[in-house]
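>>> got a predicted structure plus its sequence, pasted below:
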Amino acid sequence: MPKTPVPDVYQRRSASAFATLSSNLRLLSDPTRLAIVKHISLSGEIRPSDLAVKVGIDRRRVSTQLAYLRIAGLLESRQEGQSVYYSIVPEAFESLASKIHGFAANALNDRPQPESKP
């Protein structure tokens, strides 16, 4: 069976690529941040005050979580007047999904194969 092509990032086993992947997965493992990403994804773009209502936490905590996600490059923001709107960076999530897929594909392809019985 041919092996699945794997992104170059995994083949190089780059320490910085793994650190970035690990950091992003850690960010998204938090239930609050995951809920924030879900609501932003469904809304297209949203203000922190509206997001706080949807997620059910105070605006200050939402703003802190948004900052973490924006610094990681998973979200972007734009200002309109006095309002700030947040949206998903699709390329960041596509890259994250590709890296996870590559990691999983390599893990499956690198497994020892059972010996064939004559």
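Received it, and whenever you're ready, just let me know what you need.
>>> would you map the strands across this structure?
45-46, 75-80, 83-88 (DSSP state E).
>>> most tightly packed of the ones you listed?
Scoring the strands of the chain by mean neighbour count under mean count of other Cβ atoms under 10 Å gives strand 45-46 as the most buried, with a mean of 19. (C-beta placed from N, C-alpha, C; glycine too.)
>>> pairing partners for it, with directions?
Strand 45-46 sits in its sheet next to strand 83-88 (antiparallel), going by DSSP bridges.
>>> pipe the strands of the chain into JSON lines and attach distance to Leu108 and mean pLDDT per row.
As requested, these are exported to JSON lines (distance: least, Cβ to Cβ, whole Å; pLDDT from 0 to 100):
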{"stretch": "strand 45-46", "distance to Leu108": "37", "mean pLDDT": "96"}
{"stretch": "strand 75-80", "distance to Leu108": "31", "mean pLDDT": "96"}
{"stretch": "strand 83-88", "distance to Leu108": "29", "mean pLDDT": "96"}
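>>> okay, these in a markdown table with distance to Asp58 next?
Putting the strands of the chain into a markdown table (distance: least, Cβ to Cβ, whole Å) gives the following:
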| stretch | distance to Asp58 |
| --- | --- |
| strand 45-46 | 16 |
| strand 75-80 | 19 |
| strand 83-88 | 16 |
